[in-house]
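>>> this one's structure only:
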Ligand code: CS2
(Lines give C-alpha, C1' and ligand atoms only; values in the text may rest on other atoms or scores of the structure.)
Protein backbone atom coordinates (compact mmCIF):
# COMPACT_ATOMS: atom_id res chain seq x y z
CA UNK A 1 0.00 0.00 0.00
CA UNK A 2 1.24 3.54 -0.78
CA UNK A 3 2.41 5.70 2.08
CA UNK A 4 0.89 9.04 2.97
CA UNK A 5 3.01 11.78 1.37
CA UNK A 6 2.64 15.15 -0.33
CA UNK A 7 1.70 13.42 -3.56
CA UNK A 8 -0.63 10.73 -2.17
CA UNK A 9 -2.30 13.31 0.10
CA UNK A 10 -3.80 15.05 -2.90
CA UNK A 11 -5.73 11.89 -3.77
CA UNK A 12 -7.34 11.38 -0.35
CA UNK A 13 -11.10 11.46 -0.02
CA UNK A 14 -12.55 14.97 0.27
CA UNK A 15 -13.79 14.06 3.76
CA UNK A 16 -10.21 14.20 5.05
CA UNK A 17 -9.15 17.74 6.02
CA UNK A 18 -5.79 18.84 4.66
CA UNK A 19 -3.30 21.57 5.58
CA UNK A 20 -4.68 25.00 4.74
CA UNK A 21 -1.26 26.03 3.34
CA UNK A 22 1.44 24.61 1.12
CA UNK A 23 3.83 22.71 3.42
CA UNK A 24 6.66 23.38 0.96
CA UNK A 25 6.46 27.10 1.75
CA UNK A 26 6.82 26.70 5.52
CA UNK A 27 9.88 27.94 7.48
CA UNK A 28 11.08 26.24 10.66
CA UNK A 29 10.34 28.47 13.65
CA UNK A 30 9.81 25.85 16.36
CA UNK A 31 12.11 23.10 17.64
CA UNK A 32 10.26 20.36 19.45
CA UNK A 33 11.88 17.74 21.70
CA UNK A 34 9.93 14.48 22.02
CA UNK A 35 7.56 14.19 19.02
CA UNK A 36 5.47 11.43 20.59
CA UNK A 37 1.76 10.94 20.06
CA UNK A 38 0.73 13.69 22.47
CA UNK A 39 2.81 16.32 20.71
CA UNK A 40 1.57 15.27 17.29
CA UNK A 41 -2.04 15.28 18.47
CA UNK A 42 -1.89 18.50 20.50
CA UNK A 43 0.71 21.24 19.94
CA UNK A 44 1.27 20.29 16.29
CA UNK A 45 -2.46 20.68 15.58
CA UNK A 46 -2.34 24.26 16.94
CA UNK A 47 0.72 25.08 14.83
CA UNK A 48 -0.90 23.43 11.81
CA UNK A 49 -3.86 25.82 12.13
CA UNK A 50 -1.52 28.77 12.71
CA UNK A 51 0.42 27.96 9.54
CA UNK A 52 -2.73 28.76 7.60
CA UNK A 53 -2.12 32.40 8.65
CA UNK A 54 1.61 32.61 9.27
CA UNK A 55 4.14 30.37 7.51
CA UNK A 56 6.98 31.08 9.95
CA UNK A 57 6.06 28.45 12.50
CA UNK A 58 6.85 25.06 11.05
CA UNK A 59 8.19 22.50 13.54
CA UNK A 60 11.47 20.59 13.62
CA UNK A 61 10.75 17.28 15.40
CA UNK A 62 13.76 16.17 17.46
CA UNK A 63 14.06 12.60 18.72
CA UNK A 64 17.73 11.90 19.33
CA UNK A 65 17.18 8.60 21.17
CA UNK A 66 14.73 6.76 18.97
CA UNK A 67 14.26 6.80 15.25
CA UNK A 68 10.74 5.38 14.83
CA UNK A 69 8.68 8.56 14.64
CA UNK A 70 11.16 10.72 12.77
CA UNK A 71 11.75 7.93 10.23
CA UNK A 72 8.00 7.67 9.67
CA UNK A 73 7.75 11.45 9.24
CA UNK A 74 10.69 11.42 6.83
CA UNK A 75 9.05 8.70 4.73
CA UNK A 76 5.81 10.71 4.60
CA UNK A 77 7.16 14.21 3.78
CA UNK A 78 6.35 15.12 7.39
CA UNK A 79 2.62 14.45 6.96
CA UNK A 80 0.47 12.33 9.24
CA UNK A 81 -3.20 11.92 10.10
CA UNK A 82 -4.91 13.12 13.25
CA UNK A 83 -8.05 11.06 13.95
CA UNK A 84 -10.54 12.84 16.19
CA UNK A 85 -12.59 10.27 18.11
CA UNK A 86 -15.90 11.73 19.12
CA UNK A 87 -19.61 11.41 18.40
CA UNK A 88 -18.78 12.53 14.85
CA UNK A 89 -15.29 11.16 14.13
CA UNK A 90 -13.12 13.09 11.68
CA UNK A 91 -9.72 12.88 10.02
CA UNK A 92 -7.25 15.67 9.40
CA UNK A 93 -3.79 15.61 7.80
CA UNK A 94 -1.24 17.67 9.71
CA UNK A 95 1.68 19.21 7.81
CA UNK A 96 3.32 21.30 10.52
CA UNK A 97 6.55 19.27 10.74
CA UNK A 98 9.09 20.45 8.22
CA UNK A 99 12.23 18.96 9.77
CA UNK A 100 12.70 15.60 11.47
CA UNK A 101 15.90 14.85 13.29
CA UNK A 102 16.74 11.44 14.71
CA UNK A 103 19.73 9.78 16.41
CA UNK A 104 23.02 11.25 15.21
CA UNK A 105 21.42 14.57 14.25
CA UNK A 106 22.90 16.63 17.10
CA UNK A 107 24.73 19.08 14.80
CA UNK A 108 21.47 19.91 13.03
CA UNK A 109 19.71 20.46 16.38
CA UNK A 110 22.50 22.78 17.51
CA UNK A 111 22.25 24.77 14.26
CA UNK A 112 18.49 25.15 14.57
CA UNK A 113 18.63 26.20 18.22
CA UNK A 114 21.08 28.95 17.25
CA UNK A 115 18.97 30.07 14.26
CA UNK A 116 17.35 33.50 14.86
CA UNK A 117 14.28 32.31 12.91
CA UNK A 118 13.62 29.71 15.61
CA UNK A 119 11.60 31.61 18.20
CA UNK A 120 10.13 28.80 20.26
CA UNK A 121 11.34 25.51 21.72
CA UNK A 122 8.64 23.13 22.89
CA UNK A 123 9.06 19.86 24.77
CA UNK A 124 7.05 16.76 25.63
CA UNK A 125 9.62 14.41 27.09
CA UNK A 126 7.38 13.19 29.97
CA UNK A 127 7.88 14.08 33.62
CA UNK A 128 11.09 12.06 33.92
CA UNK A 129 12.71 13.72 30.90
CA UNK A 130 13.60 16.88 32.79
CA UNK A 131 15.99 15.13 35.24
CA UNK A 132 14.39 16.75 38.30
CA UNK A 133 14.87 15.58 41.88
CA UNK A 134 11.93 14.97 44.24
CA UNK A 135 11.85 18.63 45.25
CA UNK A 136 11.44 19.72 41.61
CA UNK A 137 14.96 21.14 41.19
CA UNK A 138 17.53 19.85 38.72
CA UNK A 139 19.03 16.56 39.89
CA UNK A 140 22.76 17.25 39.61
CA UNK A 141 23.47 13.55 40.22
CA UNK A 142 21.29 12.38 37.30
CA UNK A 143 23.55 10.54 34.83
CA UNK A 144 22.45 12.74 31.90
CA UNK A 145 23.15 15.91 33.87
CA UNK A 146 26.50 14.56 35.06
CA UNK A 147 27.33 13.91 31.39
CA UNK A 148 26.14 17.39 30.39
CA UNK A 149 28.32 18.96 33.06
CA UNK A 150 31.32 17.30 31.43
CA UNK A 151 30.57 19.17 28.17
CA UNK A 152 30.32 17.94 24.58
CA UNK A 153 27.04 17.20 22.84
CA UNK A 154 24.20 17.44 25.36
CA UNK A 155 22.38 14.36 26.65
CA UNK A 156 19.36 15.98 28.32
CA UNK A 157 16.77 18.45 27.10
CA UNK A 158 17.95 20.86 29.78
CA UNK A 159 21.48 20.42 28.39
CA UNK A 160 20.24 21.24 24.89
CA UNK A 161 18.47 24.36 26.10
CA UNK A 162 21.66 25.60 27.77
CA UNK A 163 23.69 24.71 24.69
CA UNK A 164 21.30 26.55 22.38
CA UNK A 165 20.96 29.59 24.62
CA UNK A 166 24.76 29.83 24.98
CA UNK A 167 25.14 29.83 21.19
CA UNK A 168 22.53 32.56 20.83
CA UNK A 169 24.11 34.71 23.48
CA UNK A 170 27.52 34.33 21.83
CA UNK A 171 26.04 35.34 18.46
CA UNK A 172 24.03 38.25 19.86
CA UNK A 173 20.70 36.53 19.12
CA UNK A 174 17.76 36.91 21.52
CA UNK A 175 16.79 33.77 23.45
CA UNK A 176 13.99 31.52 22.21
CA UNK A 177 10.89 31.08 24.34
CA UNK A 178 10.61 27.66 25.96
CA UNK A 179 7.21 25.98 26.29
CA UNK A 180 7.27 22.91 28.50
CA UNK A 181 4.22 20.84 27.56
CA UNK A 182 4.38 18.09 30.16
CA UNK A 183 2.11 17.46 33.14
CA UNK A 184 4.22 18.99 35.92
CA UNK A 185 2.85 21.75 38.11
CA UNK A 186 4.74 24.98 37.45
CA UNK A 187 6.28 23.24 34.43
CA UNK A 188 7.85 26.36 32.89
CA UNK A 189 9.02 27.66 36.25
CA UNK A 190 10.70 24.33 37.04
CA UNK A 191 12.31 24.05 33.60
CA UNK A 192 13.55 27.65 33.84
CA UNK A 193 15.14 26.98 37.24
CA UNK A 194 16.70 23.73 35.96
CA UNK A 195 18.13 25.49 32.88
CA UNK A 196 19.57 28.31 34.96
CA UNK A 197 21.05 25.80 37.43
CA UNK A 198 22.85 23.90 34.67
CA UNK A 199 24.00 27.14 33.00
CA UNK A 200 25.27 28.40 36.36
CA UNK A 201 27.55 25.38 36.67
CA UNK A 202 28.97 26.22 33.26
CA UNK A 203 29.06 30.01 33.13
CA UNK A 204 27.42 32.30 35.71
CA UNK A 205 27.14 35.13 33.15
CA UNK A 206 25.16 32.84 30.84
CA UNK A 207 22.92 31.89 33.77
CA UNK A 208 22.25 35.58 34.48
CA UNK A 209 21.53 36.27 30.78
CA UNK A 210 19.01 33.41 30.71
CA UNK A 211 17.42 34.55 33.97
CA UNK A 212 17.08 38.11 32.66
CA UNK A 213 15.95 37.49 29.11
CA UNK A 214 14.62 34.00 28.41
CA UNK A 215 10.93 33.26 28.85
CA UNK A 216 9.69 29.92 30.16
CA UNK A 217 5.95 30.44 30.67
CA UNK A 218 4.02 27.82 32.58
CA UNK A 219 1.58 25.95 30.36
CA UNK A 220 -1.31 23.59 30.86
CA UNK A 221 -1.84 21.06 28.08
CA UNK A 222 -4.84 18.79 27.77
CA UNK A 223 -6.21 16.32 25.26
CA UNK A 224 -6.74 12.62 25.87
CA UNK A 225 -4.47 10.79 23.41
CA UNK A 226 -4.47 6.99 23.51
CA UNK A 227 -1.33 5.39 22.06
CA UNK A 228 -1.52 4.55 18.35
CA UNK A 229 -1.78 0.77 18.37
CA UNK A 230 -1.59 -1.60 15.39
CA UNK A 231 -5.39 -1.96 15.22
CA UNK A 232 -5.85 1.82 14.96
CA UNK A 233 -3.20 2.12 12.23
CA UNK A 234 -4.66 -0.80 10.24
CA UNK A 235 -8.20 0.57 10.48
CA UNK A 236 -7.01 4.02 9.45
CA UNK A 237 -5.10 2.65 6.44
CA UNK A 238 -8.30 0.92 5.32
CA UNK A 239 -10.23 4.19 5.60
CA UNK A 240 -7.57 6.37 3.96
CA UNK A 241 -6.43 4.00 1.25
CA UNK A 242 -2.82 4.85 2.12
CA UNK A 243 -0.57 3.69 4.95
CA UNK A 244 0.33 6.19 7.68
CA UNK A 245 2.88 5.06 10.29
CA UNK A 246 2.84 8.37 12.20
CA UNK A 247 -0.93 8.71 12.66
CA UNK A 248 -2.35 9.69 16.04
CA UNK A 249 -5.77 9.64 17.66
CA UNK A 250 -7.32 11.87 20.29
CA UNK A 251 -10.59 13.13 21.67
CA UNK A 252 -12.13 16.30 20.19
CA UNK A 253 -11.50 18.31 23.37
CA UNK A 254 -8.18 20.11 23.41
CA UNK A 255 -6.87 22.85 25.64
CA UNK A 256 -3.58 24.77 25.82
CA UNK A 257 -3.24 27.44 28.47
CA UNK A 258 -0.13 29.61 28.30
CA UNK A 259 1.23 32.42 30.47
CA UNK A 260 -0.14 35.68 29.05
CA UNK A 261 2.09 37.88 26.90
CA UNK A 262 4.79 35.24 27.11
CA UNK A 263 5.09 34.81 23.38
CA UNK A 264 5.77 38.45 22.51
CA UNK A 265 6.26 38.66 18.76
CA UNK A 266 6.41 34.87 18.50
CA UNK A 267 3.64 32.58 17.21
CA UNK A 268 0.16 33.93 17.89
CA UNK A 269 -1.14 30.78 19.53
CA UNK A 270 -3.95 32.81 21.09
CA UNK A 271 -5.34 33.28 17.58
CA UNK A 272 -5.69 29.50 17.14
CA UNK A 273 -7.41 28.64 20.38
CA UNK A 274 -4.74 28.67 23.09
CA UNK A 275 -5.89 30.44 26.26
CA UNK A 276 -3.46 33.18 27.24
CA UNK A 277 -3.88 34.00 30.94
CA UNK A 278 -2.05 35.29 33.98
CA UNK A 279 -3.36 32.35 36.02
CA UNK A 280 -1.87 29.31 34.31
CA UNK A 281 -1.05 27.87 37.72
CA UNK A 282 -4.71 27.70 38.66
CA UNK A 283 -5.66 25.85 35.47
CA UNK A 284 -2.62 23.63 35.69
CA UNK A 285 -3.27 22.52 39.25
CA UNK A 286 -6.96 21.95 38.54
CA UNK A 287 -6.13 19.81 35.51
CA UNK A 288 -3.33 17.86 37.16
CA UNK A 289 -5.22 17.15 40.35
CA UNK A 290 -8.69 16.55 38.88
CA UNK A 291 -8.17 15.05 35.42
CA UNK A 292 -4.79 13.41 35.91
CA UNK A 293 -5.44 12.57 39.58
CA UNK A 294 -8.64 10.75 38.63
CA UNK A 295 -6.96 9.13 35.63
CA UNK A 296 -4.28 7.61 37.85
CA UNK A 297 -6.95 6.54 40.34
CA UNK A 298 -8.95 4.82 37.60
CA UNK A 299 -5.76 3.21 36.32
CA UNK A 300 -4.49 1.66 39.54
CA UNK A 301 -7.87 0.76 41.03
CA UNK A 302 -9.22 -0.34 37.64
CA UNK A 303 -6.24 -2.61 36.98
CA UNK A 304 -6.70 -4.16 40.43
CA UNK A 305 -10.28 -4.93 39.38
CA UNK A 306 -9.04 -6.53 36.15
CA UNK A 307 -10.37 -3.72 33.92
CA UNK A 308 -8.80 -2.61 30.66
CA UNK A 309 -9.70 0.94 29.64
CA UNK A 310 -10.83 4.25 31.13
CA UNK A 311 -14.30 3.86 29.60
CA UNK A 312 -14.58 0.34 31.12
CA UNK A 313 -13.58 1.75 34.50
CA UNK A 314 -16.23 4.47 34.18
CA UNK A 315 -18.84 1.81 33.40
CA UNK A 316 -17.99 0.16 36.74
CA UNK A 317 -20.42 2.00 39.01
CA UNK A 318 -18.57 1.72 42.36
CA UNK A 319 -15.37 3.04 40.77
CA UNK A 320 -17.10 5.83 38.83
CA UNK A 321 -18.91 6.92 42.00
CA UNK A 322 -15.67 6.78 43.98
CA UNK A 323 -13.71 9.03 41.61
CA UNK A 324 -16.55 11.52 41.53
CA UNK A 325 -16.60 11.73 45.35
CA UNK A 326 -12.81 11.91 45.40
CA UNK A 327 -12.92 14.92 43.06
CA UNK A 328 -15.81 16.78 44.67
CA UNK A 329 -15.13 16.07 48.35
CA UNK A 330 -11.34 15.76 48.49
CA UNK A 331 -9.63 17.39 45.51
CA UNK A 332 -11.78 20.44 44.64
CA UNK A 333 -12.08 21.77 48.23
CA UNK A 334 -8.29 22.20 48.50
CA UNK A 335 -7.81 23.83 45.10
CA UNK A 336 -7.52 27.59 44.96
CA UNK A 337 -10.47 28.94 42.94
CA UNK A 338 -9.61 29.92 39.38
CA UNK A 339 -11.34 32.99 37.89
CA UNK A 340 -13.70 31.86 35.15
CA UNK A 341 -13.38 28.13 35.95
CA UNK A 342 -16.20 26.41 37.85
CA UNK A 343 -14.36 23.46 39.36
CA UNK A 344 -17.47 21.34 39.95
CA UNK A 345 -18.58 21.85 36.34
CA UNK A 346 -15.01 21.14 35.20
CA UNK A 347 -15.10 17.86 37.13
CA UNK A 348 -18.37 16.91 35.46
CA UNK A 349 -16.92 17.66 32.04
CA UNK A 350 -13.80 15.59 32.77
CA UNK A 351 -15.91 12.61 33.87
CA UNK A 352 -17.98 12.90 30.69
CA UNK A 353 -14.76 12.87 28.63
CA UNK A 354 -13.64 9.72 30.46
CA UNK A 355 -16.92 8.06 29.41
CA UNK A 356 -16.31 8.78 25.68
CA UNK A 357 -17.17 5.39 24.12
CA UNK A 358 -15.27 6.25 20.93
CA UNK A 359 -11.95 6.10 22.78
CA UNK A 360 -10.19 3.04 24.14
CA UNK A 361 -7.62 4.56 26.45
CA UNK A 362 -5.72 1.79 28.18
CA UNK A 363 -5.36 1.95 31.96
CA UNK A 364 -1.94 0.31 31.57
CA UNK A 365 -0.75 3.33 29.52
CA UNK A 366 -1.78 5.72 32.31
CA UNK A 367 -0.17 3.48 34.95
CA UNK A 368 3.32 4.07 33.49
CA UNK A 369 5.77 6.23 35.42
CA UNK A 370 3.67 6.28 38.60
CA UNK A 371 6.59 7.45 40.73
CA UNK A 372 6.82 10.57 38.57
CA UNK A 373 3.10 11.23 38.30
CA UNK A 374 1.80 10.59 41.80
CA UNK A 375 3.40 13.64 43.45
CA UNK A 376 1.69 16.16 41.15
CA UNK A 377 -1.52 14.27 40.64
CA UNK A 378 -2.41 13.01 44.11
CA UNK A 379 0.19 13.69 46.77
CA UNK A 380 0.02 17.49 46.41
CA UNK A 381 -3.70 17.17 47.16
CA UNK A 382 -2.96 14.96 50.17
CA UNK A 383 -0.50 17.54 51.53
CA UNK A 384 -2.97 20.37 50.95
CA UNK A 385 -5.78 18.41 52.63
CA UNK A 386 -3.57 17.68 55.61
CA UNK A 387 -2.63 21.36 55.95
CA UNK A 388 -6.32 22.28 55.79
CA UNK A 389 -7.17 19.71 58.48
CA UNK A 390 -9.32 17.72 56.06
CA UNK A 391 -9.62 13.91 55.92
CA UNK A 392 -7.29 11.97 53.64
CA UNK A 393 -8.61 8.41 53.93
CA UNK A 394 -10.23 8.43 50.48
CA UNK A 395 -7.06 9.90 48.97
CA UNK A 396 -5.13 7.01 50.48
CA UNK A 397 -6.98 4.57 48.18
CA UNK A 398 -5.28 5.43 44.85
CA UNK A 399 -1.90 5.65 46.58
CA UNK A 400 -2.44 2.18 48.03
CA UNK A 401 -3.67 0.95 44.63
CA UNK A 402 -0.39 2.14 43.07
CA UNK A 403 1.49 0.14 45.73
CA UNK A 404 -0.66 -2.91 45.01
CA UNK A 405 0.12 -2.47 41.30
CA UNK A 406 3.86 -2.43 42.09
CA UNK A 407 3.49 -5.54 44.27
CA UNK A 408 1.41 -7.44 41.71
CA UNK A 409 3.69 -6.74 38.77
CA UNK A 410 6.83 -7.49 40.76
CA UNK A 411 5.41 -10.78 42.05
CA UNK A 412 4.45 -11.77 38.49
CA UNK A 413 7.91 -10.81 37.20
CA UNK A 414 6.28 -8.29 34.84
CA UNK A 415 8.14 -5.15 33.83
CA UNK A 416 7.21 -1.86 35.49
CA UNK A 417 7.63 1.10 33.14
CA UNK A 418 9.03 3.70 35.52
CA UNK A 419 12.42 5.36 35.93
CA UNK A 420 12.43 4.06 39.53
CA UNK A 421 11.48 0.53 38.44
CA UNK A 422 14.50 -1.07 40.13
CA UNK A 423 13.77 0.62 43.46
CA UNK A 424 10.10 -0.33 43.17
CA UNK A 425 10.85 -3.99 42.45
CA UNK A 426 13.35 -4.07 45.32
CA UNK A 427 10.79 -2.51 47.66
CA UNK A 428 8.24 -5.15 46.76
CA UNK A 429 10.60 -8.13 47.04
CA UNK A 430 9.39 -10.39 49.86
CA UNK A 431 7.55 -7.51 51.51
CA UNK A 432 4.44 -7.80 53.67
CA UNK A 433 2.03 -4.85 53.13
CA UNK A 434 3.43 -2.84 56.05
CA UNK A 435 6.99 -3.26 54.79
CA UNK A 436 5.99 -2.32 51.27
CA UNK A 437 4.33 0.86 52.51
CA UNK A 438 7.38 1.76 54.62
CA UNK A 439 9.80 1.12 51.78
CA UNK A 440 7.81 3.12 49.25
CA UNK A 441 7.26 6.01 51.67
CA UNK A 442 11.07 6.10 51.98
CA UNK A 443 11.42 7.05 48.29
CA UNK A 444 12.02 10.76 48.61
CA UNK A 445 11.49 11.30 44.89
CA UNK A 446 7.86 10.31 45.50
CA UNK A 447 6.98 11.24 49.08
CA UNK A 448 8.18 14.67 50.13
CA UNK A 449 9.29 14.95 53.78
CA UNK A 450 5.98 16.33 55.08
CA UNK A 451 4.15 13.23 53.82
CA UNK A 452 6.91 10.70 54.42
CA UNK A 453 6.71 11.58 58.12
CA UNK A 454 2.91 11.61 58.29
CA UNK A 455 2.04 8.57 60.40
CA UNK A 456 -1.70 9.02 59.97
CA UNK A 457 -1.58 9.05 56.18
CA UNK A 458 0.77 6.09 56.21
CA UNK A 459 -1.70 4.14 58.37
CA UNK A 460 -4.55 5.04 56.01
CA UNK A 461 -2.55 3.84 52.99
CA UNK A 462 -1.68 0.59 54.78
CA UNK A 463 -5.31 -0.03 55.73
CA UNK A 464 -6.39 0.52 52.10
CA UNK A 465 -3.56 -1.67 50.77
CA UNK A 466 -4.53 -4.54 53.07
CA UNK A 467 -8.11 -4.39 51.84
CA UNK A 468 -7.01 -4.29 48.19
CA UNK A 469 -4.76 -7.28 48.74
CA UNK A 470 -7.57 -9.11 50.49
CA UNK A 471 -9.74 -8.55 47.41
CA UNK A 472 -12.16 -6.18 49.16
CA UNK A 473 -11.81 -3.44 46.56
CA UNK A 474 -15.50 -2.78 45.99
CA UNK A 475 -16.01 -2.45 49.76
CA UNK A 476 -13.13 0.00 49.92
CA UNK A 477 -14.71 2.11 47.17
CA UNK A 478 -17.88 2.64 49.19
CA UNK A 479 -16.27 5.37 51.29
C1 LIG B 1 -2.78 10.45 31.30
C2 LIG B 1 -2.49 11.71 30.51
O3 LIG B 1 -1.23 8.86 30.53
C4 LIG B 1 -1.56 9.58 31.47
O5 LIG B 1 -0.95 9.57 32.53
O6 LIG B 1 -3.31 10.82 32.54
O7 LIG B 1 -1.69 11.47 29.42
C8 LIG B 1 -3.78 12.41 30.08
O9 LIG B 1 -4.50 11.64 29.15
C10 LIG B 1 -3.49 13.76 29.50
O11 LIG B 1 -2.77 14.53 30.42
C12 LIG B 1 -4.78 14.46 29.11
O13 LIG B 1 -4.51 15.75 28.75
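Looks like it came in fine. Just so it is clear, the structure is predicted and the values come from calculations on it, not from any experiment. Residues are numbered from 1 along each chain as shown.
>>> how near is the closest residue to residue 329 other than its chain neighbours to residue 186?
Excluding its sequence neighbours, the residue lying closest to residue 329 (C-beta to C-beta, 6 or more residues apart in numbering) is residue 394, at 7.2 Å. (C-beta placed from N, C-alpha, C; glycine too.) Separation of residue 394 from residue 186 (C-beta to C-beta, to the nearest Å): 26 Å.
>>> quick revisit: any figure for the gap between the residue nearest to residue 329 and residue 460?
Residue 394 is 9 Å from residue 460, by C-beta to C-beta.
>>> In three-state terms, label the residue nearest the centre of the chain for me.
Per C-alpha atoms, centre = their mean, the C-alpha nearest to the average position across the chain is that of residue 182, at 3.8 Å. Classification of residue 182 using DSSP: H, G, I helix; E, B strand; the rest coil returns coil.
>>> gap between it and residue 192?
In terms of C-beta to C-beta, residue 182 sits 14 Å off from residue 192.
>>> between residue 394 and residue 186, who's got more neighbours?
residue 394 (20 against 17; other C-beta atoms under 10 Å).
>>> surely the more buried one meets residue 325?
Yes: counting by C-beta atoms under 8 Å, residue 325 is a contact partner of residue 394 at 6.8 Å.
>>> so which helix or strand takes in the closest residue to residue 56 other than its chain neighbours?
Excluding the flanking residues, the one nearest residue 56 by C-beta to C-beta, 6+ apart is residue 29, at 4.6 Å. Here residue 29, judged by DSSP states H and E, is contained in strand 28-33.
>>> Residue 205 now?
Using DSSP H and E, residue 205 falls in helix 204-213.
>>> List the buried residues of that helix.
For helix 204-213, burial by neighbour count (16 or more other C-beta atoms under 10 Å) applies to 206-207, 209-210.
>>> Output these as CSV; include the columns pLDDT.
Listed next are the buried residues of helix 204-213 as CSV, based on pLDDT from 0 to 100:
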residue, pLDDT
206, 98
207, 98
209, 98
210, 98
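>>> Name the residue of the stretch 251-400 of the chain that lies nearest to the ligand.
Residue of the stretch 251-400 of the chain nearest the ligand, by C-beta to the nearest ligand atom: residue 295 (3.6 Å).
>>> That residue contacts residue 314, correct?
No: with contact defined as C-beta under 8 Å, residue 295 does not count as touching residue 314 (11.0 Å).
>>> Please list the residues of the chain that sit near the ligand.
183, 222-224, 292, 295, 365-366, 373 (C-beta under 6 Å from any ligand atom).
>>> Which two among those residues are spaced furthest apart?
Pairwise distances across the residues of the chain next to the ligand (C-beta to C-beta) peak at 17.1 Å, for the pair 223 and 373.
>>> and stretch 47-65, what's its mean pLDDT?
The average pLDDT within stretch 47-65 is 98.
>>> tell me how far the ends of stretch 126-146 are from each other?
Start-to-end span of stretch 126-146 (C-alpha to C-alpha, to the nearest Å) is 20 Å.
>>> Stretch 74-88 now?
Length of stretch 74-88, first residue to last, C-alpha to C-alpha: 31 Å.
>>> What residues sit buried inside that stretch?
Here stretch 74-88 shows 74-85 as buried, counting by 16+ other C-beta under 10 Å.
>>> remind me which residues of the stretch 351-479 of the chain are low pLDDT?
Applying pLDDT under 70 to the stretch 351-479 of the chain flags no residue at all.
>>> Quick one: the helices in the stretch 301-450 of the chain, in order.
Secondary structure of the stretch 301-450 of the chain (DSSP state H, counting those that start in this stretch): helices located at 310-314, 317-325, 343-354, 363-367, 370-374, 380-387, 396-411, 421-428, 433-441, 449-452.
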